[in-house]
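Visitor: From the sequence below, what's the structure:
(one chain, ligands or ions: 1)
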Amino acid sequence: MLSRFRKLVERTVIGESVPSLVRWGKYVPRALIEGIQRDSFCELVRYAAERQAFFGRKLRESGIVANRVRRPEDLGDIFTTPEDLRNLPAEDFLCREPQLVFETTGTSGGPKRVYFNYEELEFTARYEAAAMWENGVRPGDRVVCTFDAGYWISGWVTFLACKRMGVFCSATGKPHPRELYSRMPIYKYNVIAADPTWLVSLSEIAEKEGVFPLKLIVAAGDRMTEVYRNYVERVWNCPVVLGYGSTEQGGGTAMECLRREGYHLDEFNYFIEIVDPDSEGYGELVVTTLSRRTMPLIRYRVRDVTRFINEPCPCGATIRRMAKIRGRVDEMVVMGAGNMYPEIFERVLHDVEGISENWQVAVRQEGVHDILDFRLELTNGTNPSTVENAVRKNLEARYPDVWANQLCGMYQLEFRIFPPGELTQGRKPRRLVDERKG
Ligand SMILES: [Zn+2]
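Guide: Down below sits the predicted model:
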């Protein structure tokens, strides 16, 4: 299932063990990584051109000859979108008989279904094992993984990664944090892999009732704000590293190292592009699954916004990093302040004293002017003008460009204070809303 060149490297240089894969992933020269990527990409394009109805059709419509494709850009505007996966029959994407299916739910429409075979799942797990090994997980550790079960992939991949390392693992689905807490002393877990909000709930129990010694916490990172992370790290006195991936991407695409300064990308199994980047390099993440053959995705538009971090990481790994996810493409609001994402306001508001967790920023329009409208709840009778000044100061210090646009009159700031509880939203609060008409 891999390119000939890559197979040769796997057989002669890497071998079977996880530590050897870690060494390989850390020290391989970039030129070699890029060679493997190009090679794997060309092979996948030729493979899918013959076997994947969807991709074959796209090539024909665009008049592109598979054998001439060398790089993703050569495919022009051929992409695979979440809507394609949701709306077209599975047969359009399947290149061979599958053995497994996972689903992923979105905020709108039905589920997306992604098929694999057993070998692909084990193969993905091997790379997740390498990432966990690099972060210090070893035989003798005890991992509990509480990612949602059901039709989701992540728990299975973590379970198989532990199997690969020979590490004790309970993959439990998502129990109530209280249930897991009561089992922690029985099973002596010292590594937890879980979702951010679940981790916060578990940590709240532990803060009151006592902690157990932990070595590492791995969190599915796309919704882990720095406020949550700092809190969980403080309670357990243990590093929280973030992983990034999804069911469509076939599990983990990237994981932080212990420096926690961006995700290291699995460049051996994914060709990553950032399309339509803005002046800071932020654009939409587009992923090609290089190693899958049951249902490969070519240039899949993930709809998450991020950028590459091109500077080498102090940890020494040669695989590239990407920044934390800034938001969803559909959450971006283009306005007088610039391209706004919810993450910007999380960073501006998280350490402002006297406001509750319930806040929302709306973009409104008055006449021909954009208004950035901060809607906040005061918690302990703090003077509204003190809060307002703190927000202005944070915005100026942390986003000087956004601030400068305000000074130029491209938008105005407004603050509205609400009684406690008034701004409460559901499980996934909408932090940034566009209320402009037309
Ligand atoms: Zn690193």
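
Visitor: Per-residue pLDDT of the residue in the stretch 101-250 of the chain that the ion sits nearest to, please?
Guide: The nearest approach of the stretch 101-250 of the chain to the ion comes at Glu134, 8.4 Å away (C-beta to the ion). Just so you know, the C-beta spots here come from the backbone N, C-alpha and C atoms, and that holds for glycine as well. If you check Glu134, the pLDDT there is 95.

Visitor: Please apply the same query to Leu2.
Guide: So Leu2 comes in at 67 (pLDDT).

Visitor: what does the one 10 residues further on give?
Guide: pLDDT, the model's per-residue confidence, is 75 for Thr12.

Visitor: can you pull out the strands in the stretch 51-200 of the chain?
Guide: 100-104, 112-116, 142-145, 168-171, 191-194 (DSSP state E, counting those that start in this stretch).

Visitor: Out of the ones you listed, indicate the one that is most buried.
Guide: strand 191-194 (a mean of 26; mean count of other C-beta atoms under 10 Å).

Visitor: What lies in contact with stretch 345-364?
Guide: Residues outside stretch 345-364 that contact it (C-beta atoms under 8 Å, 6 or more residues apart in numbering) are 225-227, 333, 335, 340, 370-380, 382, 386-387, 390-391, 394-395, 398-399, 420-425, 429-436.

Visitor: out of those, who's near the ion?
Guide: Restricting the contacts of stretch 345-364 to those touching the ion (C-beta under 5 Å from the ion) yields no residues.

Visitor: Now list the buried members of the residues you listed.
Guide: In those, burial by neighbour count holds for 225, 333, 335, 340, 370-378, 387, 390-391, 394-395, 399, 423, 431-434, counting by 16 or more other C-beta atoms under 10 Å.

Visitor: coming back round to it: number of residues surrounding the residue of the stretch 101-250 of the chain closest to the ion?
Guide: By the criterion of other C-beta atoms under 10 Å, Glu134 has 23 neighbours.

Visitor: from now on call the first residue 36
Guide: Sure, I'll start counting at 36 from here, so that last one is Glu169.

Visitor: OK, contacts around the residue lying closest to it once chain neighbours are set aside?
Guide: Once flanking residues are discounted, Glu169 sits nearest to Val57: 5.1 Å by C-beta to C-beta, 6 or more residues apart in numbering. Counting by C-beta under 8 Å, 6+ apart, Val57 touches 165, 168-169.

Visitor: check which helix or strand covers Val57.
Guide: With secondary structure defined by DSSP states H and E, Val57 is part of helix 53-62.

Visitor: ok now that helix, how far from the chain's centre?
Guide: For helix 53-62, the distance from its own C-alpha centre to the chain's C-alpha centre is 23 Å (C-alpha atoms, centre = their mean, to the nearest Å).

Visitor: Let me see the residues that make contact with stretch 92-107.
Guide: Under the contact criterion C-beta under 8 Å, 6+ apart, stretch 92-107 has outside partners 73, 76-77, 80-81, 84-85, 109-113, 306, 308, 321, 323, 334.

Visitor: Render the CA-only coordinates of it in CSV, please.
Guide: As requested, C-alpha coordinates have been extracted for stretch 92-107 and formatted as CSV (Å, rounded to 0.1, in the frame of the first residue of the first chain):
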residue,chain,number,x,y,z
ARG,A,92,-14.7,12.0,-12.7
LYS,A,93,-13.1,15.2,-11.4
LEU,A,94,-9.9,14.5,-13.5
ARG,A,95,-12.0,14.0,-16.6
GLU,A,96,-14.0,17.1,-16.1
SER,A,97,-10.9,19.2,-15.6
GLY,A,98,-9.0,17.5,-18.5
ILE,A,99,-6.1,16.6,-16.2
VAL,A,100,-4.0,13.5,-16.9
ALA,A,101,-3.1,11.6,-13.7
ASN,A,102,0.3,10.6,-15.0
ARG,A,103,1.3,14.3,-15.4
VAL,A,104,0.4,15.3,-11.8
ARG,A,105,3.5,15.8,-9.7
ARG,A,106,2.2,18.1,-6.9
PRO,A,107,-1.2,19.0,-5.3
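
Visitor: Return the set of buried residues in it.
Guide: 93-94, 99, 101, 104, 107.

Visitor: So what's the gap between that stretch and the chain middle?
Guide: Its chain's average C-alpha position is 29 Å from that of stretch 92-107, according to C-alpha atoms, centre = their mean.

Visitor: Show me the helices in the stretch 286-435 of the chain, by range?
Guide: If DSSP state H, counting those that start in this stretch is used as the criterion, the helices of the stretch 286-435 of the chain fall at 377-384, 419-433, 435-442.

Visitor: looking at those helices, which is buried most?
Guide: Counting by mean count of other C-beta under 10 Å, the most buried of the helices of the stretch 286-435 of the chain turns out to be helix 377-384, with a mean of 20.

Visitor: now the angle from that helix to helix 419-433?
Guide: 120 degrees (axes from the mean of the first three to the mean of the last three C-alpha atoms, to 10 degrees).

Visitor: same question for helix 377-384, mean pLDDT?
Guide: Rounded mean pLDDT across helix 377-384 is 89.

Visitor: angle of that helix against helix 435-442?
Guide: Using the same axes, to 10 degrees: helix 377-384 against helix 435-442 is 80 degrees.

Visitor: dump the residue contacts of Ala358.
Guide: 297-298, 317, 341-344.

Visitor: quick one on the thing from earlier: from the contacts of stretch 380-399, which land in strands?
Guide: Under the assignment DSSP state E, the contacts of stretch 380-399 contribute 368, 370, 375, 405-413, 467-469 to strands.
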